[in-house]
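In: Here you go, sequence then predicted model.
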Amino acid sequence: MKSEATPEATDLAAEHLGDVISPISSGRVPRHVAVIMDGNGRWATQRGLPRRAGHRAGTENIRRVIERFADHGVRYVTLYGFSTENWTRPENEIRAIMRLLGYFLRREVNNLHRNNVHLRLLGHLEHLPKHLQRRVLEAIELTSNNDGLTLNIAFSYGGRDELVMAVRRLIEEGVPADEVDEQCIAHRLYTAGSPDPDLIIRTGGETRISNFLLWQSAYAELYFTDAYWPDFGREDIDIALAEYGRRKRRFGGLSDTDPL
Ligand code: FPP
């Protein structure tokens, strides 16, 4: 759909919403996209493969997805890699996913660094095996001064747990009850410093949030697709971002075109 707005008006609207103007398409682009990478298990089962093969294929997909988001001008990408609830999965699947995080970091960190990507981990680093903790910390340290795209990896992460952790910190820091406001909570979340996601994409056909970014998703646009995560490619991203560009975001208010 072609926008009626002049380029100046589009720029202003985008600035107001925190969006960016895409260098490769004409529309508004979310500044922050968060992704629930679902469907790895079913992708593998469909091919007669073990579930871990699906997670492996899903891991291989991460680079091309980040590259495509970056091509569009997206500034923050958050990937849901492992939830606090995923610890209830069979031990061999948990081990496989942990190994894949290590593999991803080993293989990608230099490339991410070269591309000025700033890597962050959202979640309980201390729950990961020691050698993986070290690898994650090294990657975070290496990329800490980069000011290009921010890549948040949510790992051993849960939205409710994140809120519990923030409340604990408030109490530990002795913040008086009447000083607690939204900003004060947001600053104590794992995502502190990143803007709220403008768009949350879930692959794999399910239409739920699954304890992901519960606080931050208050006004996110939601986009669901049947594509399994390993199959979610450049064209799917272009379609999702085009759909986002057509959404009218009002944040509880009214837009200029709403009748009074
Ligand atoms: C959901 O698919 C996916 C996961 C629980 C794990 C995602 C993990 C990776 C892509 C690999 C490691 C992560 C990083 C960031 C390197 P599912 O298993 O629930 O699929 P299903 O719904 O088809 O069973």
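Out: That came through, no problem. Just so it is clear, the model here is predicted, and its values are computed rather than measured. Numbers count the residues shown, from 1 in each chain.

In: Next up, phi/psi of residue 155, please.
Out: phi -140, psi 130 (degrees, to the nearest 10).

In: ok and the residue in the stretch 101-250 of the chain nearest the ligand?
Out: In the stretch 101-250 of the chain, the residue that lies nearest the ligand is residue 104 (3.6 Å; Cβ to the nearest ligand atom). In short, each C-beta sits where N, CA and C put it, glycine included.

In: What helix or strand is the residue in the chain that the ligand sits nearest to located in?
Out: With Cβ to the nearest ligand atom, the shortest gap between the chain and the ligand falls at residue 41, namely 2.6 Å. For residue 41, the element it lies in under DSSP states H and E is helix 40-46.

In: touching the ligand at all, the helix or strand following that helix?
Out: Scanning forward in sequence from helix 40-46 by DSSP H and E, the next helix or strand is helix 51-72. Yes. Residues of helix 51-72 contacting the ligand under Cβ under 6 Å from any ligand atom: 55, 58-59.

In: Show me how far helix 51-72 is from its chain's centre.
Out: 13 Å (Cα atoms, centre = their mean, to the nearest Å).

In: What of stretch 164-171?
Out: 23 Å.

In: what about it, average pLDDT?
Out: Average pLDDT, stretch 164-171: 98.

In: quick one: buried residues of it?
Out: 165-166, 170 (16 or more other Cβ atoms under 10 Å).

In: rewinding a little: please verify my assumption that the residue of the chain closest to the ligand contacts residue 50.
Out: No. Contact criterion Cβ atoms under 8 Å: residue 41 and residue 50 do not qualify, at 9.4 Å.

In: mind checking pLDDT for residue 257?
Out: 74.

In: so what's it up against?
Out: residue 248 (Cβ atoms under 8 Å, 6 or more residues apart in numbering).

In: any idea how far the closest residue in space to residue 84 that isn't next to it in sequence is from residue 59?
Out: Closest residue in space to residue 84, ignoring its immediate chain neighbours: residue 158 at 3.4 Å, by Cβ to Cβ, 6 or more residues apart in numbering. Look at residue 158 and residue 59: by Cβ to Cβ, to the nearest Å, they are 21 Å apart.
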